[in-house]
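Enquirer: Sequence unavailable; structure follows:
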Ligand SMILES: Cc1ncc(COP(=O)(O)O)c(C=O)c1O
C-alpha cells in the first residue's frame, strides 16, 4: 500500500516558488542575484491598515471567527462589489478565505467530480491546473498568442467547451502575461458563455486595481448580468493593498456555492486570521488614496522594463495593460549558444543560463503553459529593474 496519496502524482510544485528559492540559495552563496520571480508588491502595507490590525489585537479580537468571515468584513466586501463593480451581493453571498488561493481551491473542491473539465487559457497562473487536478478534475488548456496580446479568442473558447466543462477560469489582468480584457473584449467571451448554460465562470480579479493608462477594468457579471447565477467572482487584498502575508482573499457568488465552500472551509481551516480580517475591513472601507500612487509607480516600471527588453537582441516584449508582470518571447534566442557553451533549446534553458551568466532570476514560460517566453515581475525598484535590463541585454548579445 502506497503511503502518499495518488493525487500527489498529479501535482507539480510551483515553478515560481522554485525560482525564488533558487535565487535565495545563490544569494546565500554570495552571488549578486536580482530576483524578478516573486509575485508580490515590494511596497509595505499602508499604515492605516496596519493600525487597524493593532487596534484589533488591543480590543481582544483574537478568537475564532465565523467560518465565512466576520460580519464586518463580509459587509465591506458586499459594499466593495457594489461601489467598484456595480454588482449586487448580500453579505451572505460572500466568503472570506485564507488568501485567494484558498477561495479557488475550495470552489473546485466543492464542485469537482471525476471527469469534470475546467477550461484554462494559457499562459495561466501556475496554481489553476494543479488545484483542478488535485480536486479530481481535468484541466483543458486553450492557447492564446502573443500576436493577440495573450487574449483568448471567442471562437477558441467555444471550441474548448464540451458537455463535460464545469468551469471556465478567467483572469484579467493576468498573471503571468499582464493582459487585461476591455469591456468589449470580455463581452465577446461572455456571449459564448451565454450560449453554454452548463458552464460556470470563475473570475479571478486579483489584479483589478493594477491597470495602466486609461484602461478600464471589467468583470464578467458586470459585462453580462445573465451570468450572475453561475459566476464566482474572486478577489483579495494581497496585490492592491500590498498585503500578501496577511492571507485574506474573498469571493461572492450564488448562495448554494458559497454555502458549499463554507462547509469545506469549516472542516479545513475555519475562519481566516481574525486580526488580518480586521485589517482587510480597513483596506476595503478606508482610504484608497495610495492605489493610484502605487499604480503610477508600477506603470513607470512597466514602461522601463518593456523598453529595455525590446532593446535586447532576440527578445520581443508586448506592453501589457495590467498586473506587474511582462511576458516577453525569447524565441529569437532558441538555437543560440549561451556564454557557458550550452545551446539554448527551450525557455527553461534560457532562464537557467541567464541566471548562471548574469544572476537575473525570471520564470520560464513553459511553467505557465505557453512558451518560448519568460515572466518578469516588475514589482521591484527602478534601479534594480534597470540593472536587470542591462544584464539581460548583455546576456542576449553574448548568445551566438
Ligand atoms: C492570478 C492570481 N490569483 C490568485 C492569487 C492568490 O493570491 P492570494 O492567495 O495571495 O490572495 C495570485 C497570487 O499570486 C495570483 O497571481
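Expert: Structure received. Everything numeric here is computed off the predicted structure, so don't read it as measured data.

Enquirer: Grab the nearest non-local neighbour of residue 195.
Expert: In space, residue 195 comes closest to residue 158 once its chain neighbours are excluded; the distance is 7.7 Å by C-beta to C-beta, 6 or more residues apart in numbering. C-beta here means a position set from N, CA and C on the backbone, and glycine is covered the same way.

Enquirer: In three-state terms, label the one you found for me.
Expert: helix (DSSP: H, G, I helix; E, B strand; the rest coil).

Enquirer: need the contact list for the closest residue to the ligand within the stretch 251-400 of the chain.
Expert: Closest contact between the stretch 251-400 of the chain and the ligand, by C-beta to the nearest ligand atom, is at residue 323 (7.7 Å). Contact analysis of residue 323 by C-beta atoms under 8 Å, 6 or more residues apart in numbering lists 173, 174, 175, 178, 180, 207, 210, 239.

Enquirer: Ok, residue 369 next?
Expert: By C-beta under 8 Å, 6+ apart, the contact list for residue 369 reads 120, 122, 123, 124, 129, 141.

Enquirer: Can you tell me how far it is from residue 122?
Expert: Distance of residue 369 to residue 122, computed by C-beta to C-beta, to the nearest Å: 4 Å.

Enquirer: okay, and the common contacts of the two?
Expert: Shared contacts of residue 369 and residue 122 (C-beta under 8 Å, 6+ apart): residue 141.

Enquirer: Mind listing what's buried along stretch 82-98?
Expert: Within stretch 82-98, the residues scored as buried using 16 or more other C-beta atoms under 10 Å are 84, 85, 87, 89, 91, 93, 94, 95, 96, 97, 98.

Enquirer: Would you tell me which residues of this protein are close to the ligand?
Expert: Residues of the chain lying close to the ligand (C-beta under 6 Å from any ligand atom) are 39, 99-101, 125, 171, 175, 204, 206, 236, 238, 244, 249.

Enquirer: tell me which of those residues is nearest to residue 295?
Expert: Using C-beta to C-beta, residue 206 comes nearest to residue 295 of the residues of the chain next to the ligand, at 14.9 Å.

Enquirer: Please give me every residue in contact with that closest one.
Expert: For residue 206, the contacting residues are 100, 171, 175, 234, 235, 236, 238, 239, 249, by C-beta under 8 Å, 6+ apart.

Enquirer: Narrow the residues you listed to those in strands?
Expert: Secondary structure from DSSP state E places 171, 234, 235, 236, 249 of these in strands.

Enquirer: For the ligand, give me its nearest residue in the stretch 1-150 of the chain.
Expert: residue 99 (2.7 Å).

Enquirer: is it true that that residue touches residue 247?
Expert: Yes. The pair residue 99 / residue 247 is scored as a contact, 4.6 Å apart, by C-beta atoms under 8 Å.

Enquirer: Mutual contacts of the two, please.
Expert: Common contacts of residue 99 and residue 247 (C-beta under 8 Å, 6+ apart): residue 238.

Enquirer: and residue 253, how many residues sit next to it?
Expert: Neighbour count of residue 253, defined by other C-beta atoms under 10 Å: 26.

Enquirer: Quick check: chain neighbours aside, which residue is closest to the spatially most central residue of the chain?
Expert: For the chain, the residue nearest the mean C-alpha position is residue 175 (4.2 Å; C-alpha atoms, centre = their mean). Using C-beta to C-beta, 6+ apart and skipping residues adjacent in sequence, the residue nearest residue 175 is residue 125, 4.6 Å away.

Enquirer: How about residue 248?
Expert: residue 280 (4.4 Å).

Enquirer: do the same with residue 290
Expert: Among residues not flanking residue 290 along the chain, residue 46 sits closest, at 5.3 Å (C-beta to C-beta, 6+ apart).

Enquirer: How about residues contacting the lengthiest helix in the chain?
Expert: With secondary structure taken from DSSP state H, the chain has its longest helix at helix 290-310. Contact with helix 290-310 is made by 41, 43, 46, 178, 209-213, 240, 242, 315-320, 324, 326, 328, 376, 378-380, 382, 385-386, 388-390, 392-393, as judged by C-beta under 8 Å, 6+ apart.

Enquirer: Could you pull out the helices in this protein for me?
Expert: Under DSSP H, the chain gives helices at 15-28, 47-59, 71-85, 99-111, 127-134, 154-160, 183-194, 220-223, 255-266, 274-285, 290-310, 347-358, 382-398.

Enquirer: any idea of the mean pLDDT in the longest one?
Expert: So that's helix 290-310. In this model, helix 290-310 carries a mean pLDDT of 97.

Enquirer: quick revisit: which of the contacts of residue 369 sit farthest apart?
Expert: Farthest apart among the contacts of residue 369 - using C-beta to C-beta - are 123 and 129, which lie 11.4 Å from each other.

Enquirer: between these two, who's got more neighbours?
Expert: residue 123 (26 against 23).

Enquirer: Would you agree residue 283 is in contact with residue 238?
Expert: No. Between residue 283 and residue 238 there is no contact under C-beta under 8 Å: 10.2 Å.
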